[in-house]
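S.K.: sequence-free structure coming up:
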């Protein structure tokens with residue numbers, strides 16, 4: 001039996017996995033969707049990136065989970081990649097869901113469009129404001145699904161986006177699956193392409209947009225189950 005720890009990206013909470021969790025549990029596995037500090041029902045809790053790493057590690061240790069498959073979506077690939085190292089032999093596999101990946105000494109805002117994010121954080125009292133409904137166009141979501149995401153999103157703590165990642169060993173050494181959502185670009189970023197040259201990493205493509213846990217939850221659950229069996 002695998003224990004899935006599911007971490008959604010910026011602005012989202014554990015609720016984002018509501019349609020994925022039942023399928024994982026129906027297959028006989030544990031499923032633990034996690035809201036990171038400062039988001040959703042934890043809004044108002046101070047949080048930097050290392051806070052988010054510790055949120056994940058603390059959940060695994062508190063529940064004494066073994067055979068952990070930890071999945072990180074979008075921004076959350078950065079803390080998930082670091083947490084995966086720190087849980088040691090509890091880890092079975094990491095799944096990066098159309099996500100950023102951590103680079104030692106680099107922050108989320110180190111990517112090419114990071115300057116826009118930094119400016120937005122400065123203009124919004126230290127938070128990155130959620131996307132508007134129009135920003136979800138072309139991502140395989142229905143109007144109802146977009147409304148659900150927009151209604152439940154909360155401002156993302158800016159410190160988690162500007163704080164640098166800390167890796168103790170090369171990320172390519174971890175057993176990992178990278179899910180690329182093709183409506184959000186048909187190729188992974190250069191850092192992910194390099195990691196995929198590792199014999200420990202494999203690529204899976206989904207014909208949907210950047211929020212597959214909402215747009216294609218059944219297909220995503222199946223890929224997660226396959227990753228656990230790898």
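M.R.: Okay, I see it. Quantities reported herein were computed from a predicted structural model and do not represent experimental measurements.

S.K.: the closest residue to residue 98 other than its chain neighbours: neighbouring residues, count only.
M.R.: Take residue 98 and drop its neighbours on the chain: the residue closest to it by C-beta to C-beta, 6 or more residues apart in numbering is residue 181, 4.2 Å away. Every C-beta, even on glycine, is put in place using the N, C-alpha and C of the backbone. Neighbour count of residue 181, defined by other C-beta atoms under 10 Å: 25.

S.K.: quick one: residue 181 and residue 15, what's the gap?
M.R.: Between residue 181 and residue 15 the computed distance is 20 Å (C-beta to C-beta, to the nearest Å).

S.K.: I'd say residue 208 and residue 214 touch.
M.R.: No. Between residue 208 and residue 214 there is no contact under C-beta atoms under 8 Å: 9.3 Å.

S.K.: more neighbours, the two?
M.R.: The residue with more neighbours, out of residue 208 and residue 214 and counting by other C-beta under 10 Å, is residue 214; that gives 26 against 21.

S.K.: so residue 115 sits in a strand?
M.R.: No. Applying DSSP: H, G, I helix; E, B strand; the rest coil, one finds residue 115 to be helix, outside a strand.

S.K.: for the residue nearest to residue 98, grab phi and psi.
M.R.: With angles defined as degrees, to the nearest 10, residue 181 sits at phi -90, psi 120.

S.K.: beta partners of it?
M.R.: Beta-bridge pairing for residue 181 (DSSP bridges): residue 206.

S.K.: quick one: residues contacting it.
M.R.: 97, 98, 205, 206, 208, 209, 210, 212 (C-beta atoms under 8 Å, 6 or more residues apart in numbering).

S.K.: so how far does stretch 15-28 reach from one end to the other?
M.R.: From its first residue to its last, stretch 15-28 covers 21 Å (C-alpha to C-alpha, to the nearest Å).

S.K.: check contacts around residue 174.
M.R.: Contact analysis of residue 174 by C-beta under 8 Å, 6+ apart lists 81, 84, 85, 91, 94, 200.

S.K.: state the helix or strand in which the first one lies.
M.R.: Following DSSP states H and E, one finds residue 81 within helix 77-86.

S.K.: now do the helix or strand following that helix: which elements does it pack against?
M.R.: Heading C-terminal from helix 77-86, the first helix or strand you meet, by DSSP H and E, is strand 91-97. Where contact means 3 or more C-beta pairs under 8 Å, 6 or more residues apart in numbering; DSSP states H and E, strand 91-97 is packed against strand 68-73, helix 77-86, strand 176-181, helix 217-229.

S.K.: what's the angle from the first one to strand 91-97?
M.R.: This points to strand 68-73. Strand 68-73 runs at 10 degrees relative to strand 91-97, counting by axes from the mean of the first three to the mean of the last three C-alpha atoms, to 10 degrees.
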